[in-house]
Structure formats: C-alpha cells, structure tokens
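In: fold the following and give me the result.
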Amino acid sequence: MFVLTTIADTVRIPPPQFCNPTVLSVHTELEQKYPNRVIMDLGLVICRHGDALEIGDGVFVPGDGCAHHEVVVRLVVFRPFVEEVCVGVISESNEEGLRVSLGDWFHDIFIPAYWMLRPSRYDEESGFWVWTQEGEEGEDAEGFEMELGSEIRFKVKAINFTQITDTIKGVQATTTSTKGTSRLPGGSTVFGAKAPPSSTDATKPAADGVIPKKEDGEQTPVPVRKRSSSVDMSDSPKIPASMHITASICEDGLGLVNWWSYPEEEEEEEEEGEEEKDGLAEGGEDFRDADNALIKGEDMSI
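Out: Numbering: from 1, shown residues only. Below is the predicted model:
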C-alpha cells in the first residue's frame with residue numbers, strides 16, 4: 001500500500017531562510033510542498049523519509065532573489081498495487097456502486113456495480129447494496145446489507161491518475177490508468193479481465209495475482225497495462241479526482257469484514273465471552289459475601 005520512492009526536484013529557498021542551515025531550509029520547503037499532494041503516475045505523498053540524499057549548490061536567478069537547490073529526496077507514497085487486498089469503510093452508496101474511504105485521508109475508492117459480490121442488488125428504499133444468498137432471487141430475497149460506516153475488504157483493480165490542463169481548446173483532463181492483465185495459453189494476454197480456465201498450470205493465473213512456474217518454482221507477478229486518454233472538461237461541472245482507485249468485491253473473502261469469520265475466531269470469541277461471564281459471576285459472589293457479612297456485623301477488612 002505504501003512505497004518508498006526517490007525523486008529529484010529544484011527547491012526554492014526564500015531570503016528570510018538564508019540565516020538557517022541549508023539542510024533545515026530545504027527540509028522546511030519540502031514539508032510545505034509535497035505532503036498531501038498527488039504526483040502524476042506516482043501516488044499520494046504522505047511524508048518525507050529521512051534527510052535529503054543530495055543537495056546541490058544554490059543558484060540565484062536575476063530578479064528573483066531566492067536560492068534554487070537541486071535536491072534528491074526520498075518520499076513515502078500511498079500507491080497500492082493492482083490485485084492488492086485492502087480494508088476500508090463504506091462512505092457512500094448509490095445505484096452505480098459504493099464509495100470507500102481509508103480513514104480521513106483518502107476517499108476516492110469506487111466499487112462499481114458490475115464488480116459487486118454476486119448475486120447483489122441495490123435496494124432503493126434503504127439506499128444500500130444487498131448481497132443475497134445463493135439460490136434466492138427477486139427483490140424479496142433475504143440478504144446482507146452493506147450499510148454506511150461498515151468495514152469492507154476489497155481488491156484493487158485499477159489506479160487512475162488525472163491531470164487537468166488549460167489548453168486553447170479548453171480544459172483537458174488527461175487520465176492514466178493502470179490495470180492488471182491475465183495471461184492466456186500461448187503467451188497472449190487479456191486486459192482488465194480474468195483468463196478462462198486452462199489445463200496448463202504454467203499459464204493459469206493464481207488467486208493471489210501471481211503466475212506459478214513449474215520448472216524452478218518461482219512466481220511471476222501478473223503484468224499490468226498503462227493507458228492514457230484525454231477528455232474535454234470545459235462544460236463539465238465536476239472535476240475528477242487527481243488519484244482514483246477502482247476496486248472489486250466479486251470474490252470469496254471480499255465484502256464486509258463481518259461476513260467472513262473463521263471457526264478459530266468464533267471459538268476465541270466464545271472463550272472470551274465465557275471468561276467474562278465467569279469473572280462477573282465470581283465478582284457477584286464476592287459482593288454477596290460482603291453484604292452478608294455486613295448484615296451479620298462481621299469485619300471483612302483485610
């Protein structure tokens with residue numbers, strides 16, 4: 001989910017900071033520039049990692065008065081990889097799908113309707129998506145509602161970066177999308193979809209997004225595809241997010257976290273509940289003994 005990346009940039013140091021050490025001034029400008037900023041095709045910057053690796057000599061530009069330093073620095077970036085499983089909270093629900101947020105710092109995760117756990121339907125009365133049990137059909141079928149604020153486990157299917165630019169033709173939105181691919185027998189690939197079942201294990205995608213090899217036992221990650229497209233946004237009232245993630249819950253184990261509980265977890269919960277009951281019972285007996293002693297006038301002090 002989080003990656004460590006190295007970038008090179010030019011940092012502009014204003015004259016009021018000339019009295020401070022160069023390293024301190026550079027770090028101050030980096031902290032003001034990068035955190036909570038989306039870098040195109042890279043991710044959402046969280047913070048700076050350690051000191052700057054390299055700081056060049058300051059260069060003064062005529063008419064500017066500031067010192068410009070070439071800097072190489074490492075950053076902690078939020079950028080989940082394709083096919084990664086994450087846990088978030090449902091923040092919005094509509095006919096198109098679910099919007100999921102990761103705490104209070106990232107909210108642009110969308111689960112479209114065609115990537116819901118099947119069979120699922122949208123209940124217009126409650127405004128929630130409902131996962132119905134297998135074998136039941138119709139609007140009256142019982143199911144499990146995906147309520148707002150519930151924890152949900154999802155798998156990343158695509159990461160989209162959008163850059164807005166003003167051109168002569170108007171406002172243009174350039175989107176770069178990274179999607180996973182699946183391999184077919186014979187070395188061909190299909191983009192954005194799962195490969196059909198095959199008897200050849202060497203070309204059959206595994207559940208965790210890797211393709212096993214028979215010869216040496218090593219695993220190769222599923223390749224990804226990047227694609228860019230531009231759209232005219234001059235008349236659009238809504239500007240797309242700089243970083244947008246498309247996710248899926250159409251596999252077993254995905255969906256609301258409380259849907260999938262293992263027998264070991266249930267046994268642990270039952271044992272904890274029994275221990276709490278035993279503790280309450282012992283505490284109740286102690287209180288009853290103390291009450292009886294007070295009635296009889298006995299001294300229970302230690």
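In: how near is residue 53 to residue 43?
Out: Distance, residue 53 to residue 43, by CB to CB, to the nearest Å: 19 Å. (C-beta placed from N, C-alpha, C; glycine too.)
In: those two: which is more packed in?
Out: Comparing residue 53 with residue 43 by other CB atoms under 10 Å, the one with more neighbours is residue 43, at 21 against 11.
In: adjacent strands (with direction) for the host helix or strand of residue 11?
Out: Taking DSSP states H and E as the criterion, residue 11 maps to strand 2-13. Sheet pairing for strand 2-13, assigned by DSSP bridges, gives strand 67-78 (antiparallel).
In: buried residues in the helix or strand following the partner strand, which are they?
Out: Going down the chain from strand 67-78, the next helix or strand is strand 85-94, by DSSP H and E. Residues of strand 85-94 classed as buried: 86, 88, 90, 93 (neighbour count, 16 or more other CB atoms under 10 Å).
In: neighbouring strands - and their directions - for strand 85-94?
Out: strand 97-102 (antiparallel), strand 151-167 (antiparallel).
In: least reliable of those strands going by mean pLDDT?
Out: Mean pLDDT across the strands paired with strand 85-94 is lowest at strand 151-167; the value there is a mean of 88.
In: so which bits of that strand are buried?
Out: Judged by neighbour count using 16+ other CB under 10 Å, the buried positions of strand 151-167 are 152-163.
In: from these, pick the one nearest residue 35.
Out: Of all these, the one with the least separation from residue 35 (CB to CB) is residue 161, at 17.9 Å.
In: my guess is the closest one contacts residue 245. True?
Out: No: at 10.4 Å, residue 161 does not count as touching residue 245 under the criterion of CB atoms under 8 Å.
In: may I see the strands paired with strand 85-94 organised as JSON lines, with distance to residue 47 added?
Out: Rendered in JSON lines, the data for the strands paired with strand 85-94 read as follows (distance: least, CB to CB, whole Å):
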{"stretch": "strand 97-102", "distance to residue 47": "16"}
{"stretch": "strand 151-167", "distance to residue 47": "20"}
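In: out of the ones you listed, which gets nearest to residue 67?
Out: strand 151-167 (29.2 Å).
In: restricting to C-alpha, output that closest one in CSV.
Out: The C-alpha trace of strand 151-167 is given here as CSV (Å, rounded to 0.1, in the frame of the first residue of the first chain):
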residue,chain,number,x,y,z
GLU,A,151,-15.7,-2.1,7.2
ILE,A,152,-15.3,-3.7,3.8
ARG,A,153,-12.5,-5.8,2.3
PHE,A,154,-11.8,-5.0,-1.4
LYS,A,155,-9.3,-5.8,-4.1
VAL,A,156,-7.6,-3.1,-6.2
LYS,A,157,-8.4,-3.5,-9.9
ALA,A,158,-7.2,-0.2,-11.4
ILE,A,159,-5.4,3.0,-10.3
ASN,A,160,-6.2,6.2,-12.3
PHE,A,161,-4.3,9.5,-12.3
THR,A,162,-5.9,12.6,-13.8
GLN,A,163,-4.1,15.8,-14.7
ILE,A,164,-6.1,18.9,-15.5
THR,A,165,-4.6,21.4,-18.1
ASP,A,166,-5.8,24.6,-19.7
THR,A,167,-5.4,24.5,-23.5
